[in-house]
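Next come a sequence and a model predicted from it.
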Amino acid sequence: AQKVTQAQTEISVVEKEDVTLDCVYETRDTTYYLFWYKQPPSGELVFLIRRNSFDEQNEISGRYSWNFQKSTSSFNFTITASQVVDSAVYFCALASGNTPLVFGKGTRLSVIA
Amino acid sequence: KAGVTQTPRYLIKTRGQQVTLSCSPISGHRSVSWYQQTPGQGLQFLFEYFSETQRNKGNFPGRFSGRQFSNSRSEMNVSTLELGDSALYLCASSLRRGATEAFFGQGTRLTVV
């Protein structure tokens, strides 16, 4: 069975600090995909990134960066120089083939001005 | 390009009643999935529809059902509502099946009293 663990339930940081959200996954599939979504107070899940299991290159998009390490089954997400607008719940998810997304429990990030 | 539209946004129902929720996917998207989000269980997969056929079903009782129309719009129905059905119901649309980018609506907040 597939499983995603986000051990950090809540994180609070002061604006401009860097913050890393952890994600550990379990799967027996050799081909799979990892995702990060952001859920602001409005409720919808906003897609951030999709990464396949064969691409371990780290990715950077503006202040966001992702570190994928198959050796530790982790797909961590770092926000550099956090801003108040980054406050949200962040979800890591896993899928393979035609299986539905399996989500972690989410990490609530609060960025304080 | 319009996003995923879910209606209604909020709903209050009494135990024992039934409810129908609607989801209009992004134009051109043929896959629609439904998720239930609660504080205790997190995001749980309900079902997936593609080309008017249910392709995947989560571990929910038969009171939960859905369908997809020829224009890809989808509805989900919950009969004999229970207090535990109170949740945010999220719809996601994708261009195709599989572990691809899914775009979510703002959800329907259902409260059962």
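Okay, I see it.

Can you find the helix or strand of chain A with the lowest average pLDDT?
The helix or strand of chain A with the poorest confidence is strand A:59-61; it has a mean of 89 (mean pLDDT, DSSP states H and E).

buried residues in the helix or strand following that one?
Sequence order places strand A:64-69 as the next helix or strand after strand A:59-61, per DSSP states H and E. Neighbour-count burial for strand A:64-69, with 16 or more other CB atoms under 10 Å in any protein chain shown as criterion, is recorded at A:Y64, A:S65, A:W66, A:N67, A:F68. Quick note: C-beta positions are derived from backbone N, CA and C, even for glycine.

Also stretch B:37-53?
B:Q37, B:G42, B:L43, B:Q44, B:F45, B:L46, B:F47, B:E48, B:Y49, B:F50.

One more: stretch B:94-113?
B:94, B:97, B:99, B:102-110, B:112.

which ones are touching the residue nearest the centre of chain B?
Centroid check for chain B by CA atoms, centre = their mean gives B:W34 as the closest residue, at 3.4 Å. For B:W34, the contacting residues are B:C23, B:F45, B:L46, B:F47, B:E48, B:G66, B:S74, B:M76, B:Y89, B:L90, B:C91, B:A92, by CB atoms under 8 Å, 6 or more residues apart in numbering or on different chains.

change it to 7 Å
B:L46, B:F47, B:G66, B:M76, B:Y89, B:C91 (CB atoms under 7 Å, 6 or more residues apart in numbering or on different chains).

The second one bridge partners, please.
Note on B:F47: beta-bridge partners by DSSP bridges are B:W34, B:K57.

picking up where we left off before, counting only strands, which of the buried residues of stretch B:94-113 make the cut?
Counted as lying in strands by DSSP state E, out of the buried residues of stretch B:94-113, are B:S94, B:F103, B:F104, B:T108, B:R109, B:L110, B:V112.

separation between A:L48 and chain B?
10 Å (CB to the nearest CB, to the nearest Å).

helix or strand for the closest residue to that residue other than its chain neighbours, which one?
In space, and not counting its chain neighbours, A:L48 is closest to A:W36: 4.3 Å by CB to CB, 6 or more residues apart in numbering or on different chains. In this assignment (DSSP H and E), A:W36 forms part of strand A:33-39.

Strand partners (parallel or antiparallel) of that strand?
Here strand A:33-39 is paired, per DSSP bridges, with strand A:46-52 (antiparallel), strand A:88-95 (antiparallel).

now for the ones you listed, which one comes closest to B:L11?
strand A:88-95 (22.0 Å; CB to CB).

Show residues contacting the closest one.
So strand A:88-95 is contacted by A:2, A:4, A:6, A:21, A:23, A:25, A:27, A:32-40, A:45, A:75, A:77, A:101-104, A:106-109, B:43, B:99 (CB under 7 Å, 6+ apart).

now these: which count as buried?
Buried members of those, counted by 16+ other CB under 10 Å: A:2, A:4, A:6, A:21, A:23, A:25, A:27, A:32-39, A:45, A:75, A:77, A:101-104, A:106-107, A:109, B:43, B:99.
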